[in-house]
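> what's the 3D shape of this:
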Amino acid sequence: MAKVFTHKLGKTRAGEGTRIWLEGKRLLDHGFTHRATCQRKWSEGKLIVVLVDAAAFEQLPRNERTTVAGSAERPIIDIVGEAVRNAFPSGTVEATWSQGRIVIKGA
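Take a look at the predicted model:
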């Protein structure tokens, strides 16, 4: 069953609301381990992050791919940029978590 959590967007040099920072046990619980490869897809005002295998990852354009950073104990997904602020101007998002998939939309 999918779980929904609210996240406040963070700040980068580009300004407030330009960073989505996801980390830790929640990532591990949903299959996002350190060094896992993911696709980022913008669709209808949502950002969808899904696990993909290495071959699929290599075929993706650079702006559509993410590797889970951090460490084995504390994995991190860090998505930054003006596109984040433009898509989620409220500065808060709801993330719906399921195995191998995170759907992020404005809250």
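
> Please count neighbours and contacts with C-alpha atoms only from this point.
Fine.

> Kindly indicate whether the residue of the chain most remote from its centre is helix, strand or coil.
Here the chain reaches farthest from its C-alpha mean at Ala55, the gap being 20.0 Å by CA atoms, centre = their mean. Each residue gets one of three states, and Ala55 gets helix by DSSP: H, G, I helix; E, B strand; the rest coil.

> And it, how close does it get to Cys38?
Distance of Ala55 to Cys38, given as CA to CA, to the nearest Å: 11 Å.

> what do you get for Ile77?
In terms of CA to CA, Ile77 sits 10 Å off from Cys38.

> same check, this time on Glu73
According to CA to CA, Glu73 stands 18 Å off from Cys38.

> out of those two, which sits in the more crowded spot?
More crowded of Glu73 and Cys38, by other CA atoms under 10 Å: Cys38, with 25 against 12.

> Return the residues in contact with the residue lying closest to the more buried one once chain neighbours are set aside.
The shortest distance from Cys38 to any non-neighbouring residue, by CA to CA, 6 or more residues apart in numbering, is to Leu51 (4.3 Å). Contact analysis of Leu51 by CA atoms under 8 Å, 6 or more residues apart in numbering lists Phe32, Ala36, Thr37, Cys38, Gln39, Gly100, Arg101.
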